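Novice: curious how this folds, go ahead:
(4 chains)
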Amino acid sequence: MAYDYQAVHALDGTIGAISERRANHLAVHRATAIAVVLAAPGQTAEAAGILVANGEFEARFSGPGEWLILSEVHAPETLCAELSVRLGDFAFVIDQSHGRVALTLAGPDAARILANGIAIDLHADVFPVGRAANVLCNHLSVNLARTAADSFDLVVMRSFAEALVDDLKTMARSHELSVDFATR
Amino acid sequence: MASLIPCPHCGTRPRQEFSVRGDATPVRPAPMAADEVWNDYMHVRANPRGRIREHWQHIAGCRRWLVVERDNFTHEVFSVSDASLEQGGAR
Amino acid sequence: MRYSAFSIFKQALAGNLGWKPAWREPQPKPHYDVIIVGGGGHGLATAYYLAKEFGVRNIAVVEKGYLGSGNVGRNTTIVRSNYMLPGNEPFYEFSLKLWEGLEQELNYNVMLSQRGIISLYHNDSQRDHYTRRGNAMMMEGVAAEQLDRDTLKKMLPFLNFDHARFPIIGGLLQKRAGTARHDAVAWGFARGADRLGVDLIQNCEVTGIRRESGVVTGVETTKGFIGCNKLALAAAGNTSRVGEMAGLKLPIESHVLQAFVTEGLKPCIDHVITYGAGHFYISQSDKGGLVFGAEIDGYSSYAQRGNLATAEHVMEEGVTMIPGLSRVRVLRAWGGVMDMSMDGSPIIDRTPIDNLYLNCGWCYGGFKATPASGFCFAYLIAKGESHHVARALRLDRFERGFPIDEAGVGTQPNLH
Amino acid sequence: MTAFRLAAGGLVDRSQTVPFSFDGARLSGHAGDTLASALLANDRLLVGRSFKYHRPRGIVTAGPAEPNALVTVGSGARRDPNTKATVAELYDGLTATSQNRWPSLSWDIGAVNNLMSRFLSAGFYYKTFMWPAAFWEKVYEPLIRHAAGLGRTDLPRDPDGYEKSWAHCDLLVVGSGPAGLAAALVAARSGLRVILAEQDFALGGALLSETTRLDGEPPVVFARRVIEELQANPNVTLLARTTVFGWYDDNVFGAVERVQKHSAVVDAARPVERLWRIVAKHAVLATGAEERPLVFGGNDRPGVMTASAVSAYANRFGVAVGKSVAVFTNGSSGYRTARDLTSQGIEIAAVIDTRTNAADTAPDGVRLIRGGSVVDTKGRQRLRAIVTDRGGFEELLACDAVAMSGGWSPVIHLACQRGGKPVWSEALQAFMAPEVGAGLVIAGAAAGHYRLSECVEDGARKASAVVEALGHSVAGFDRPAVGEEVDPSFTALWHVPGAKSKAFVDFQNDVHTKDLGLAVREGFGHVEHAKRYTTGGMATDQGKLGNINAIGILAAMRGVSPADVGTTTFRPFYTPVSFGALAGTSVDEHAMPTRRSPLHGWAARNGAVFIDAGLWYRSSWFPKEGEKTWRDSVDREVRTVRENAGLCDVSTLGKIEVFGPDAAEFLNRLYCNPVLKLPIGKARYGLMLREDGMVYDDGTVSRLGEAHFLVTTTTAMAGGVLSHMEFATQVLWPDLRVRFLSVSDQWAQMSIAGPKARTILQAVVEDDLSDAAVPFLAAREVRLKGNLKARLFRISFSGELAYELAVPAGHGEAAADALMRAGQPHGLCAYGVEALNVLRIEKGHVTHAELDGRVTPDDAGLGRMMGSAKHDFIGKRLSTRFGLTAADRAQLVGLKALEADKDFRAGAHLLKDGAKPSTLNDQGWVSSACFSPTLGGHIALAFLKSGRERYGEKIVVWDQLRGVETMAEVCNPVFVDPENRKLMA
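Specialist: Got it, this is the predicted structure:
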């Protein structure tokens, strides 16, 4: 018997093919490695210092001493191994590559669409590029990061991914939106 | 307070992001403290009108438990702090 | 003067100029046998029954605002006795029986309308819970009926059967439940008490409780000191503040509950309906407004107003339960301050101070209890012991480990 | 014919004819009309019927305070009952229907109430309908209910969508009149982020119906210039058709935008209404002032309107409300209306001024009656004449409209929604907004500045202060030169003496002066009592017009000042808001989010029937061909598990990983049973209490490393337990060195249970799974064939030899498929939560059906788990309370049916054989029940008073709700394999 554990994405089978991208586009990332780093008690500053951005991964603030780490270059296991080596006793590293789903909403109306479900002020002076935060989007908690003037990343618990995409489509009802898996 | 709460970690957020537990004044007694002390802790509330301290959790944000010091008649917030700092504990 | 169709006819012919005040506006006497703090439904009912049933005549009710200015005039008017726990069910059934004779008792039409309450359920475990509750009611001799989905579809075709996140699978009906005109309850008891000689003293705020050698001797008020032999607190919403004047610290937190009414509509909802996948409930008043609400806002508050987030959530539940509400416009939102107790059930009891009596902790359910609360509190004040249906509603039940926790959520008041 | 469209003038677009219908009649108006202005242009004065007496009513105002002109707009599922014609924007194809009349508006049988009115005085219903007792609900109440109410709905599903949005700004300006525009302009020029909200479909507020010139031009020209500049500013959001309905804590405002309420054709891609939650650093309320009606005999006859409405219809809409208009006023405003009308060529029958010595002058040729009053009106369904009185001399004066002006009330509603009480101004004879502190200021007429120049100046001034408070520098603007202004002073007159017929205070609810007199006479003189007794101010306009007069009348009757009477409470909503707008998109299937298990696809492929379990959908059972009922499938699944093996999705259980040097100590305090000495590689059942000693949740605790644990929770309590743990570490014991994270979504978890579970699992797992290598309660990492790391726990809920296997979520389906393939030769089946439930009942395991929040460990038969030797754990101290240890507490027992043909259901109660049903005799209840395929009969778990002493007793299972009573035998709750032989195999 052959054993092949082909991974299924949480949104497989829920996103139809699109003929063209529209003004605003929601890209679902298939293979982002995601880890959560919890600073060891009393070691928040040390861990934060190690997690400053580099080309291999990006650290997104979730709470005091807690970050989501996203990497497009590492596989989940190597990301966790890499982080564990760098952080040593300063933090605990937990693989969440299967536990979370990462999405990117980009387009001229991105902030306006998000304002239909997210309460924080998304004005670029208030929530600038590089800022990340856990926020409520309608009924769901998501990690929101601004990656460009009109581009936002959303990271959500896997089991809620379908609900979030549904919500985003509804939020974008008055705007042009297409949804597809991201191509790399 | 009833619309927005300034989270010390995340900034000002809507009330929907928080869940509230209740009076933050009672401190859990030592295990062998007297019955009355435990009864007071669990069941008895000063419940004044005016300035109070209340436990809220930023449940859809950083998930930290906060102590919100506020007026329960005007709903004005005086301060919000991380609950773990209350007893001088580490984080 | 006695009210009747004839009195209306006679007075109308005289240009309605002959009607007498519904109650006197007395100045406080120096001393009463019993002073009741709180001129709301419970306080007025207590005064009425004390005078009527227990022969106490020298009574004052002191009220800081106008009669009925508290929660008796802010609730959603629901009357029912569909409780589960043995500490509650007999009490609320006793109350419903008193409601059923109240109009004749008081010679005042409180417009009791036994339209039936239907508690919807949405999954098997809720069905089991309501079965347990329905059987508990029937143990007490209270009729209850289980309605299946098909029956509900015929009775309430406007419910959301086809597009609900949590489909409706059935409901528990108590036919004798319903609504009553809330203000009229306060006014009816007030008028009844007044006619039995009770002094109803409005705009008289209690500012202190005077104690001598451990017993209460009277209250300081904005109208001066008033002495009494027994002091009875019926100030739900502000119980802690009044109790504190006597040195009492109580198992109570004050919370705000919002309620709402829509613009008037021709009759479209006949029952009281509660939503099992949330806390929404709704009924239609005789004037046509849909009266509804849901859960408390959740935080300590003495402000009689709610927040928008909770209001929005209430509407979400409402439209999800009855999609046709969508285009109905909501006219007004208001808030009342609830005495939330530690187990979600009320307290009618003596206090550690011998002649100080306590009636509090009604959470969001005090209106339906009004007659029984008054009757049992009067019984306690007059006889010094609990009425048998109110025996479980003790102040010391928490430290003794006998909570009456209908919701099963423990000692966190905002979860009840 | 009285009311008509003027030949010229107004802001309506006469080039666009807009057809609409009213009560079936085809009519037309122009673009820019409201329904009310279009009805008036068509001489439709009779628009509705009042609430109580069903009196004929017309249009009173030109705005949102309208009490009378309520109609149903739209048809079918798009009916909007109780729509105010005065704010409804006219659109092509609008259909309007009058309300509260039968059979027709002009012939309404309910009007008989009017003839009976003396018997229907305020509160009459409290005094009667009590005999015979049964008649109230059977006869009287249905009659009252059908007579009451306004618009009609049969609650059809709404075809339209709604939306909710957040907005943030430095300054919110409410109202786009002169003060609002000036405020917005100053703020915008100074660099603030500004939102300007206007309830009308046109921006400009009072400037739209004002005639005083600004910079020598009509005021609307000035307004347009300002609006254009604001529109061009990227920091400014202009929201027309947007009513700010509520002011909430922290300066958050609720507003509703009518996005598509002005079109017969609704674009499904857009919402019909949008709710805005506006987070404003500052706000300026420039909400203007409301003109008061005068309370005089017959003041409700169609044709009687406020003077400002008469002016607005003439100036803005180009509509004359009558051919001969009488002006009845107590101040200067009436004269302005007289001038507005005469300049349009409309005849003024007379100006009747209640003041004797006013300096105002009537337009040339207009008769002025100083010190006069109107005491009655004539006409049936429209006004024909009025009766004036001066010095006792009555005169019948023909006219077809009355423009009444009773003075002005600032619109302060929003400013009073947060508990601030209005303050009486003796000078302005009006209630003013209280000082509400930083964040909200009142400007223009809403602040009592009635003159146009003052409004502009005040708006600019208030905005400048906001600009400075935010640290910006104020950019100025040149104030327009204001032409000849009216100073709208007046002499308050709460009711006009000498009324010859009913003088209405609250039009919609038919409250007249005598009702207020009766209320005072009967002791209901407090403003709240008067409101509740007479229903004055409780109608859909919430007393916007009438309350001030009611307060004045009560004050006069009680001999006090209006300040002493005070107002009733201002509460949201300023004007009514639809359920739909407040609910937004989170309704129906989207009321709450849906959670999908990583094995959802696997279960679906295997034919699962899904049920909701909280937010989750869980596979309930897996029907096979030929199975007719769910019981067939469940019985088969149970038997298969007991005989062979089954695979069940348990991914929805909460999973929390705990790290840190104090992790063991923390968990030891969190659970009531001991955790400290749990060896690495082992799992343990864990019972968590609330601090009050009741069971909170149960699950497993596995030690993956010295300072690394994994705990599981029930599906239902996963969120609650996480919060509880966060509370414990952050609040109770912040000194503990521990961190944890919910990893629930990372793992797909499946239970493989049954005598063949090991064999099947071994076919997929590389590692040795022998009992020696993986004994009961082992917890370890394994590698699946094909090189997938997984976690394996030998735990059992069914009582069988069982494992839980966890793999990264994305690999879950593949792993489950592999197991199904490996299990096929051994008879493995997929089983759902129904079979799982039967299996665990048979084994006597509890779930939240048993652990209902009122149950102690001992009640559930788990008392031995309590780590009484432990120094401390949550729930320890209070679990020793007398009531929690009482001997007669209900204890978990098993029940076996003694009558084969009768089943048990959860929720039944228990009675001693022969006992009379009563609360006192109630012995307990059934918490879970099922048919046991293993035992071949109905069994149940139940809580019975002192139950563990009563094994063997025959007891009545009493389910009167279903009409079923049956006998059962009380037994040990573990029905299957009490020696745990299968478990340990």
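Novice: ok, D:L554 touching D:V527?
Specialist: Yes - D:L554 lies in contact with D:V527 (C-beta atoms under 8 Å); the separation is 6.3 Å. In short, each C-beta sits where N, CA and C put it, glycine included.
Novice: now the common contact residues for those two.
Specialist: Residues touching both D:L554 and D:V527 (C-beta atoms under 8 Å, 6 or more residues apart in numbering or on different chains): D:V565.
Novice: these two: which has the busier surroundings?
Specialist: When D:L554 and D:V527 are compared for neighbours, D:L554 comes out ahead with 28 against 24, by other C-beta atoms under 10 Å in any protein chain shown.
Novice: three-state assignment of that one?
Specialist: helix (DSSP: H, G, I helix; E, B strand; the rest coil).
Novice: could you pull up phi and psi at the nearest residue to it once chain neighbours are set aside?
Specialist: The shortest distance from D:L554 to any non-neighbouring residue, by C-beta to C-beta, 6 or more residues apart in numbering or on different chains, is to D:V565 (5.0 Å). Dihedral pair for D:V565: phi -70, psi -40, per degrees, to the nearest 10.
Novice: how about C:L102?
Specialist: phi -70, psi -40.
Novice: and it, how close does it get to chain A?
Specialist: Distance, C:L102 to chain A, by C-beta to the nearest C-beta, to the nearest Å: 43 Å.
Novice: got the buried residues for the helix or strand where C:F377 lies?
Specialist: Following DSSP states H and E, one finds C:F377 within helix C:366-383. By neighbour count on 16 or more other C-beta atoms under 10 Å in any protein chain shown, the buried set for helix C:366-383 is C:366-382.
Novice: so how far is it off the chain centroid?
Specialist: The chain centroid and the centroid of helix C:366-383 are separated by 11 Å under C-alpha atoms, centre = their mean, to the nearest Å.
Novice: go on, stretch A:51-60?
Specialist: Its chain's average C-alpha position is 13 Å from that of stretch A:51-60, according to C-alpha atoms, centre = their mean.
Novice: check stretch D:129-143 too.
Specialist: The mean C-alpha position of stretch D:129-143 is separated from the chain mean by 33 Å, C-alpha atoms, centre = their mean.
Novice: can you pull the buried residues of that stretch?
Specialist: So stretch D:129-143, judged by 16+ other C-beta under 10 Å, has buried residues D:F129, D:M130, D:W136, D:E137, D:Y140, D:E141.
Novice: so what's the residue nearest to D:L554 up against?
Specialist: Contacts of D:V565 (C-beta under 8 Å, 6+ apart): D:V527, D:I551, D:L554, D:A555, D:R558.
Novice: how about the strands in chain A?
Specialist: In chain A, the segments counted as strands under DSSP state E are A:24-28, A:33-39, A:58-63, A:66-71, A:91-95, A:100-106, A:132-137, A:140-148, A:151-157, A:177-181.
Novice: can you redo those as a markdown table with distance to D:H909?
Specialist: Shown next, in a markdown table, are the strands of chain A (distance: least, C-beta to C-beta, whole Å):
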| stretch | distance to D:H909 |
| --- | --- |
| strand A:24-28 | 52 |
| strand A:33-39 | 48 |
| strand A:58-63 | 47 |
| strand A:66-71 | 49 |
| strand A:91-95 | 47 |
| strand A:100-106 | 47 |
| strand A:132-137 | 43 |
| strand A:140-148 | 41 |
| strand A:151-157 | 41 |
| strand A:177-181 | 53 |
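Novice: so which of those is the most packed in?
Specialist: Of the strands of chain A, the one with the most neighbours on average (mean count of other C-beta atoms under 10 Å in any protein chain shown) is strand A:33-39, at a mean of 25.
Novice: ok, and what's touching that one?
Specialist: A:46-48, A:51, A:57, A:59, A:62, A:65-72, A:74-76, A:78-80, A:83, A:87, A:90-97, A:99-100, A:102, A:155, D:659, D:739-741.
Novice: near chain B, list only the ones from these.
Specialist: Contacts with chain B are made by A:S62, A:G65, A:E66 out of the contacts of strand A:33-39, judged by C-beta under 8 Å from any C-beta of the partner chain.
Novice: out of those residues, who's nearest chain C?
Specialist: Nearest to chain C among those is A:S62, at 22.9 Å by C-beta to the nearest C-beta.
Novice: how about the contacts made by the nearest residue to D:H526 once chain neighbours are set aside?
Specialist: Among residues not flanking D:H526 along the chain, C:Y66 sits closest, at 4.3 Å (C-beta to C-beta, 6+ apart). Shown in contact with C:Y66 (C-beta under 8 Å, 6+ apart): C:G39, C:Q202, C:N203, D:H526, D:E528, D:H529.
Novice: can you give me the helices for chain B?
Specialist: In chain B, the helices defined using DSSP state H lie at B:35-43.
Novice: for chain A, give me its nearest residue in it.
Specialist: Nearest to chain A in chain B, going by C-beta to the nearest C-beta, is B:C62, at a distance of 3.1 Å.
Novice: gap between the closest residue to that residue other than its chain neighbours and D:T342?
Specialist: Spatially, and ignoring its direct neighbours in sequence, B:C62 is nearest to A:G63 (3.1 Å; C-beta to C-beta, 6+ apart). Counting by C-beta to C-beta, to the nearest Å, the gap from A:G63 to D:T342 is 71 Å.
Novice: let's check: the centremost residue of chain B is which one?
Specialist: Computing the C-alpha centroid of chain B and ranking residues by C-alpha atoms, centre = their mean puts B:H55 first, at 2.0 Å.
Novice: now the strands for the stretch 1-150 of chain D?
Specialist: Secondary structure of the stretch 1-150 of chain D (DSSP state E, counting those that start in this stretch): strands at D:4-5, D:13-22, D:25-31, D:48-49, D:56-57, D:70-73, D:80-84, D:94-98.
Novice: if you average pLDDT over the fifth one, what comes out?
Specialist: If I follow you right, that is strand D:56-57. Mean per-residue pLDDT for strand D:56-57: 96.
Novice: which residues touch that strand?
Specialist: Here strand D:56-57 has contacts from D:46-50, D:68-69, D:105-106, D:108, D:111, D:300-302, D:380-381, D:507, using C-beta under 8 Å, 6+ apart.
Novice: and the closest residue to chain D within chain A, how many neighbours?
Specialist: Going by C-beta to the nearest C-beta, chain D is nearest to A:Y3 of chain A, at 2.7 Å. A count of nearby residues for A:Y3, using other C-beta under 10 Å, gives 17.
Novice: which pLDDT value does the model give it?
Specialist: pLDDT recorded at A:Y3 is 77.
Novice: the closest residue to chain A within the stretch 101-250 of chain D in helix, strand or coil?
Specialist: Residue nearest to chain A within the stretch 101-250 of chain D: D:H168 (4.0 Å; C-beta to the nearest C-beta). State at D:H168, reduced to three classes by three-state DSSP: strand.
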